[in-house]
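A structural model of the following input is requested.
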Amino acid sequence: MSETETPRHSRRDLLRAGAAGGAALAAGGLLLPGTALAAPRPTALATPTLPVTPTSPVTPTSSTAPTVPAPRGERTAGSALRPFGRHLAYGADPSQQVVVSWQVPDAVTAPFVRIGVQPGDYGAPIAAEVRTLVSKLSWQKPVEDQPLVKPTTVTQYYLHARLDQLIPDTTYYYVVGHQGYDPAGQGARLGDVASFRTAPAPGRGAGFTFTAFGDQGIGYNAAATGNLIAGLDPAFHLHMGDLSYANAGGSGKTSDAYDARLWDSFFVQNEPVAARTPWMPAIGNHEMEPWYGTDGYGGMRARFTTPDNAWSQSTGIYSWRYQNVGLISLDGNDVCYNTPANLDYTKGKQKKWLESRLAALRADTGIDFIVVYLHQCTYSTCHDNGAELGAQQDWAPLFDKYQVDLVLSGHNHVYERTDPIRAGKPTRKVASGDTVDPVKDGTTYVVAGGGGGGLYSFPVADTYLGHESANDKPVPMVVSDRSGHNQTVKVTWSRVRYTGYCLVAIDVTPAVAGRPARMEVRSLTEDGTAVDRVTVQRG
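Okay, the predicted model is just below:
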């Protein structure tokens, strides 16, 4: 597809799939999609972002027809189309809001989710919204001076059910289906039933754990880090971008090689974990898929539903709260000099919004910690992608001003932790096992890009827990300026470096009996070995 084509929803595709999202159903005393948690913005569904034909846009309608199970042994339309790729996300209030998402291999009628607080005891079907995505596949290597080869087309069907006014701190069981396929009515098979747990109401919960990594992809190591998440049983998982690598080049140009079907493999790979643990994604450069509209995010809008609390048509930019932690997802492509396809595309909106959210979170007495996550690295000495000067210039001063506790990123396929930084300089050395006070010391920056993609390297030796390097000399950091020229500067804040696959696990403990709240940040390899540990404690 050329960049001048106008991709839109097809009225026929949306209606034949039973698209839903505009209306509400009542079941089990719960208010369901379309009530307090608004249905998806009409503009997000009707604007030219998803390429299908014909080109007339349509706002999805409700899918409220009852689902009648077929007699056992009798096949009906839709009975062979088994859902796959289930994944969860929280809304802005995880104590009451959860989104259940999945795929089907072909168009279906009246898709739904059923939920209940006991397995096997589910309420009435809750209508799901269908987002149909038609993609052209490019098979050439990602060399920008080569023309596109003749493409092949693939159609994908993504379904999303927004749940609101759930009971806090409660486990719900759920099944997904459509007309002709109802696990609740015909006997759920192994794997049909999954569950999620809502967050405790703010101020009422105990400690919790969440995990994070970026740059996962598909394959053995990607699955291994995903399995590690399951073993930790976190409240949620942050994915710092570069999810599937369906867009192999990551330049944001149509000359990149692209195979949309890799997204199917990505969701299937992660379903055992993501169907039970909400995954909250940030956008990486490999999510710039320019075949879907000007910003290239039409595919992300089809595949994911995250909190909608920035501005109209923003994608991957949102904030939310889990207990005493405020979280902000940013789009680093907006400030990326190294891959400038979307540089400055928000025209300053993201920076203005970021400051307003930081101010609100820091003023909230129920928030102890602020965690920001994005794809590109504000600070890193890995020489493959380097550090992002745009983030240092635009956002780091705001992180300083509002005393952000922790900034997580991916992009470089390694693990790295800085000493606390303020005004671009380290304030003191913080070795593994030490404690950092963001009020006095500044912000800690962590790169956790070892989620499964091919590993990168550092210009100097690794140094990590139990394998500390005696060499404490300055380390070169490479940054690209706005004109694309690389600069190398020597820095002293690179405290922990590890070349290997790993994730970050963050254990949050609320204040108890006069003891301040704290976060223990651990970096764990695929087998659970800790390569870094630091405690963040304010005051």
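
give me phi/psi at the residue nearest to the spatial centre of the chain?
Note on the chain: the residue nearest the mean C-alpha position is P281, at 0.6 Å, using CA atoms, centre = their mean. Phi and psi for P281, reported as degrees, to the nearest 10, are phi -90, psi 150.

could you measure from F458 over to S494?
According to CB to CB, to the nearest Å, F458 stands 8 Å off from S494. For every residue, glycine as well, the C-beta is placed using N, CA and C.

between those two, which has more neighbouring residues?
S494 (24 against 21; other CB atoms under 10 Å).

shared neighbours of F458 and S494, anything?
Common contacts of F458 and S494, defined by CB atoms under 8 Å, 6 or more residues apart in numbering, comprise T381, E416, V475.

give me every residue that touches the second one.
If I follow you right, that is E416. Counting by CB under 8 Å, 6+ apart, E416 touches S380, T381, C382, V446, V447, F458, S494, V496, R497, Y498.

what's the burial count for the fourth one?
It stands for V446. Residues contacting V446 under the criterion other CB under 10 Å number 26.

contacting residues for it?
Listed by CB under 8 Å, 6+ apart, the contact partners of V446 are L406, V407, L408, S409, Y415, E416, R417, T418, V504, V521, S523.

identify the bridge partners of the fourth one.
Counting by DSSP bridges, S409 is bridged to V447.

measure it to G366 for me?
26 Å.

ditto for the last one
S523 sits 28 Å away from G366, going by CB to CB.

need the strands for the stretch 301-450 of the chain, in chain order.
318-322, 325-329, 369-373, 406-409, 415-418, 421-422, 425-426, 435-436, 444-448 (DSSP state E, counting those that start in this stretch).

mind giving me the packing neighbours of the biggest strand by length in the chain?
For the chain, the longest strand by residue count, based on DSSP state E, is strand 152-163. Packing contacts for strand 152-163, counted by 3 or more CB pairs under 8 Å, 6 or more residues apart in numbering; DSSP states H and E, involve strand 98-104, strand 112-116, strand 126-127, strand 129-137, helix 298-303.

can you tell me which of the ones you listed is most buried?
strand 126-127 (a mean of 28; mean count of other CB atoms under 10 Å).

give me the sheet partners of it and which way each runs.
strand 112-116 (antiparallel).

what mean pLDDT does the strand it pairs with get?
For strand 112-116, mean pLDDT rounds to 98.

how about residues contacting the longest helix anywhere in the chain?
Longest helix in the chain, counting residues (DSSP state H): helix 349-363. For helix 349-363, the surrounding residues in contact (CB under 8 Å, 6+ apart) are 310-311, 314, 317, 319, 321, 326, 328, 330-331, 334, 367, 370, 394-395, 398-399, 401-404.

and it, what's buried?
For helix 349-363, burial by neighbour count (16 or more other CB atoms under 10 Å) applies to Q350, K351, W353, L354, R357, L358, L361.

need the helices for the protein, in chain order.
11-16, 42-46, 183-186, 220-232, 262-274, 298-303, 349-363, 389-394, 396-401, 438-441.

of the ones you listed, which is nearest A201?
Closest approach to A201 among the helices of the chain (CB to CB): helix 349-363, 17.8 Å.

tell me what the spatially closest residue to F399 that is not a sequence neighbour is bridged to.
Leaving aside its sequence neighbours, F399 sits nearest to T443 (CB to CB, 6 or more residues apart in numbering; 4.9 Å). Note on T443: beta-bridge partners by DSSP bridges are I421.

so T443 sits against I421, correct?
Yes - contact status for T443 versus I421: in contact at 5.8 Å, counting by CB atoms under 8 Å.

what sits in contact with each of the two?
Contact criterion CB under 8 Å, 6+ apart; residues bridging T443 and I421 by contacting each: A396.

any weak-confidence spans in the protein?
Where the chain drops to pLDDT under 70, the residues are 1-77, 139-151, 186-188.

picking up where we left off before, any chance of the helices and strands packed on strand 152-163 in TSV, plus distance to P340?
As requested, the helices and strands packed on strand 152-163 are exported to TSV (distance: least, CB to CB, whole Å):
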stretch	distance to P340
strand 98-104	31
strand 112-116	40
strand 126-127	41
strand 129-137	24
helix 298-303	19
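
mind checking those for the one nearest to V534?
Nearest to V534 among the helices and strands packed on strand 152-163 is strand 98-104; the distance by CB to CB comes to 31.1 Å.

what is the burial count for P510?
A count of nearby residues for P510, using other CB under 10 Å, gives 18.

hang on, the earlier thing: nearest to G514, of the helices and strands packed on strand 152-163?
Using CB to CB, the helices and strands packed on strand 152-163 put strand 98-104 closest to G514, at 34.4 Å.

give the pairing partners of that closest one; include direction for each.
When DSSP bridges is applied, strand 98-104 pairs with strand 84-90 (antiparallel), strand 152-163 (antiparallel).

can you show me the CA trace of it as CSV?
C-alpha atoms of strand 98-104 as CSV (Å, rounded to 0.1, in the frame of the first residue of the first chain):
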residue,chain,number,x,y,z
VAL,A,98,-10.5,-4.7,32.5
VAL,A,99,-10.4,-5.2,28.8
VAL,A,100,-10.6,-8.7,27.4
SER,A,101,-9.2,-9.0,23.8
TRP,A,102,-8.7,-11.9,21.4
GLN,A,103,-8.7,-13.0,17.8
VAL,A,104,-10.8,-15.2,15.5
